[in-house]
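[1] Quick check, what structure comes out for this input:
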Amino acid sequence: MANYLQKDAELNGYEFEIGRSVEMNNGSMTLSYGMDYVNAKFKEGTYVPRINPRRHIISLGYAKEGTSASLIMRKVTSQSKLALNETPTESYNMLDLKVSQRIPIFYGESEMFVTVFAKNLLDEVARNHSSFVKDQVPLPGRNIGIRFNFQF
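    Next comes the predicted model:
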C-alpha cells in the first residue's frame, strides 16, 4: 500500500524547439531540434520522484502533395537525480521512421492514407523514468507496421 502526501516543491525547467522549412522539388522539407528539461526538488532539498530526464529531439520531414515522410531521433539522457527508493534510469536513443501516402478512393469522394512506420529502429532497451514499473517493463522494442486510415 502506498500513502501519497502533498509536499511543497520547486520545479523549474525549459522546453524549446527551433526549426526551418525549405521548399524543394514542389514539396517542403522541415528540420527541427528541440530539448526539454525539468529540475524538481522538495523544499527540504530531496528530489521529486519520477521526473523525466533531459530529452533532445531531432526531426527531419518531407511532404509533397499526398506523400509525407519523417525521421525522428530522440536522445534521452540518464536520470540520476533520484528520490528516496528510486532507481537510476540509463540513457537511450530512439529512432522512428514514418512514410505516408494519401490515395483518393470512390472517384475522389473519399481518401485512404497508407502509412508504413518503424518505431525504435535501433531496438534499444529503453525505460521511461516516470513509469511505476520501469524496472520490470521496458518500452517496446523495434516495431514495424502498416496502417490504413479511411476517411469518408
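[2] Next one: the residue positioned nearest the centre of the chain relative to Y47, how far apart?
    Geometric centre of the chain, nearest residue: R74, 6.5 Å, by C-alpha atoms, centre = their mean. R74 sits 23 Å away from Y47, going by C-beta to C-beta, to the nearest Å. C-beta coordinates here come from the backbone N, C-alpha and C atoms, glycine included.
[3] Show me where this protein has its helices.
    Remark: no helices are assigned in the chain by DSSP state H.
[4] which stretches of this structure form strands?
    9-24, 27-42, 55-64, 67-76, 92-105, 110-119, 143-151 (DSSP state E).
[5] any low-confidence regions in the chain?
    Regions of the chain meeting the criterion pLDDT under 70 are absent.
[6] would you put the C-alpha positions of stretch 91-100 in PDB?
    C-alpha atoms of stretch 91-100 as PDB (Å, rounded to 0.1, in the frame of the first residue of the first chain):
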ATOM      1  CA  SER A  91      20.100   7.000 -21.300                       C
ATOM      2  CA  TYR A  92      18.800   5.700 -24.700                       C
ATOM      3  CA  ASN A  93      18.400   6.700 -28.300                       C
ATOM      4  CA  MET A  94      15.000   6.200 -30.100                       C
ATOM      5  CA  LEU A  95      14.800   6.400 -33.900                       C
ATOM      6  CA  ASP A  96      11.400   6.400 -35.600                       C
ATOM      7  CA  LEU A  97      10.600   6.500 -39.300                       C
ATOM      8  CA  LYS A  98       7.200   7.000 -41.000                       C
ATOM      9  CA  VAL A  99       6.200   7.200 -44.600                       C
ATOM     10  CA  SER A 100       2.600   8.000 -45.600                       C
END
